[in-house]
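Engineer: need coordinates for the following:
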Amino acid sequence: MARPKKKIDEELLANLSQIHCSIEEMANILNVSRDTLERRYAAFIEQNRSKGKSTLRRRMWGLVQKDNLGAMIWLSKQHLGMSEKTEQKIEADLNTTAAILTPDEIVAMLEKIRKRSDVG
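Structural biologist: Model (predicted):
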């Protein structure tokens, strides 16, 4: 005879899934094994994690609509591919190539560049 199935509070499982608790966390809170959750509730957990994502996304967009600058920047990076790029300009003599520099000259150039970046 098989062991009776343990009763799981599905409302609590849905809430835990929506806030993206790990399987281990949910199993501990519900006092069941990880295997039980993965075997019996994988689709249910995934569905509720998607609900949690959409809630979070809706709230982030709400912040943007209220002119929250941090939310605007974050969503711009995520959805528009924007980023904060820093560029370093390295000045070099075009007539000099790395192939003809001695190790001491390379070290001297690197020190010079490092000193410039420390100042700025």
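Engineer: residue contacts, residue 1?
Structural biologist: Taking Cβ atoms under 8 Å, 6 or more residues apart in numbering, we find residue 1 in contact with no residue. Yep, even glycine has a C-beta here, placed from its N, CA and C like the rest.
Engineer: so what's it scoring on pLDDT?
Structural biologist: Looking at residue 1, its pLDDT is 77.
Engineer: by mean pLDDT, flag the weakest helix or strand of this structure.
Structural biologist: helix 103-119 (a mean of 80; mean pLDDT, DSSP states H and E).
Engineer: run through the neighbouring helices and strands of it.
Structural biologist: Applying 3 or more Cβ pairs under 8 Å, 6 or more residues apart in numbering; DSSP states H and E, we find helix 103-119 packed against no helix or strand.
Engineer: show me which positions of that helix end up buried.
Structural biologist: residue 109 (16 or more other Cβ atoms under 10 Å).
Engineer: how about the helix or strand where residue 43 lies: buried residues?
Structural biologist: Using DSSP states H and E, residue 43 sits in helix 34-65. Of all the residues in helix 34-65, those buried under the rule 16+ other Cβ under 10 Å are 37, 41, 45, 48, 49, 52, 60, 64.
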